Each structure stands twice: as C-alpha cells, then as structure tokens.
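Q: Here is my input, please return the structure:
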Amino acid sequence: DDELQTDGNRSGHFQNGELGLAPTNEDVIRIIAAQLAEIGDQLDKEIQGRVVNDLVQHFLNQNLSEEEITLQVSRVVGELTRSIPSDMEQERAMLVLAMVLTKKILNTVPSLLHRVINTTLNYMNQQFHNYIVEMVSAVKQ
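A: Residues are numbered from 1 along each chain as shown. The predicted structure follows:
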C-alpha cells in the first residue's frame with residue numbers, strides 16, 4: 001500500500017471511480033490518535049483525584065512487581081469503565097481510560113515516567129493488542 005512508484009509518487013487506488021491514495025501508517029495513527037484524544041477529553045472528568053493518588057502510591061511502592069501494579073491498573077480501569085456511557089465501545093473506552101490514567105499519574109509524579117509507561121504499555125499489549133490491530137485495519141480500509 002505504501003510503496004513508491006518509479007516516478008517517486010505513492011501508488012494510488014481507485015475508489016468509486018476516483019484515484020485515491022491509501023492512507024499511510026502515519027495518517028492512520030493520526031486519525032486514531034484524534035479519535036482517542038476526543039474520547040479521553042470526555043472521560044478525563046470521570047477520574048477522581050483519589051483514584052489517581054491511589055495508583056500513584058502503588059507505583060511508588062518499590063516492593064510491588066510490575067505484574068502487581070498492572071493488576072491494580074486493570075482493576076481501576078474496570079471500575080472506571082462502569083461509569084462510562086453505555087453507547088461507547090467498551091474496549092475503546094478502557095484503552096482510553098488507561099492512557100488518561102497514565103497522563104494523570106505522570107502529571108502528579110513525573111519521576112515515575114519510566115515505570116508508569118512500561119506498566120501501561122504492558123497492560124495495553126496484554127489487554128488490547130488485538131483490538132488495536134483491528135482498529136488500525138479498520139481505518140486503513
């Protein structure tokens with residue numbers, strides 16, 4: 001889809017009789033990011049400071065393993081998911097909640113950057129890998 005033609009232009013595809021360019025991976029990522037940011041803005045108001053502070057305490061506790069913290073993140077995301085509108089796709093809302101929680105934790109304690117990002121990425125890979133692949137595929141079409 002993204003290969004260059006010999007004249008240096010991207011290859012195009014006919015859609016409804018018109019020549020259209022297939023979206024690049026960068027375009028797809030921008031589209032998905034914009035959609036997720038919009039949802040994140042809506043859900044941001046639902047997350048209370050107490051929830052963030054509780055998670056911060058778990059991240060600060062050096063005795064807890066990454067797996068134990070990931071379980072706490074999963075629990076909190078599950079609890080917060082109950083308060084989302086029923087018309088919102090659950091997996092998408094959970095993915096966005098994880099990202100909003102990450103942002104709020106890092107805004108509270110920036111020194112936790114490495115630990116929070118690693119934990120969040122592991123959580124997202126475990127819980128939403130297939131969903132993310134499907135979302136990217138749907139936008140590319």
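
Q: Can you show me the strands along this protein?
A: Using DSSP state E, the strands assigned to the chain run over residues 12-15, 18-21.

Q: tell me the average confidence for the last one?
A: Right, the one you point to is strand 18-21. Across strand 18-21, pLDDT averages out at 46.

Q: Equivalent analysis for stretch 41-53, please.
A: Mean per-residue pLDDT for stretch 41-53: 81.

Q: same question, stretch 110-117
A: Stretch 110-117 comes out with an average pLDDT of 95.

Q: Could you pull up the residues touching Met99?
A: The contact partners of Met99, taken as C-beta atoms under 8 Å, 6 or more residues apart in numbering, are Leu36, Gly40, Thr120. For glycine as for every other residue, the C-beta is placed from the backbone atoms N, C-alpha and C.

Q: scratch that, Gln127 is what I was asking about
A: Gln127 makes contacts with Ser74, Met94, Leu95, Ala98, as judged by C-beta under 8 Å, 6+ apart.

Q: So how do I select the buried members of the residues you listed in ChimeraX?
A: Listed next is the ChimeraX selection for buried residues among those, using 16 or more other C-beta atoms under 10 Å:
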select :94,95,98
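
Q: which of the contacts of Gln127 lies closest to Ala138?
A: Leu95 (14.1 Å; C-beta to C-beta).

Q: these two touch, right, the closest one and Asn125?
A: No: using C-beta atoms under 8 Å, Leu95 is not in contact with Asn125, being 11.3 Å away.

Q: Now Tyr131. Nearest residue, chain neighbours left out?
A: Distances taken as C-beta to C-beta, 6 or more residues apart in numbering place Glu91 nearest to Tyr131, at 4.7 Å, with adjacent residues excluded.
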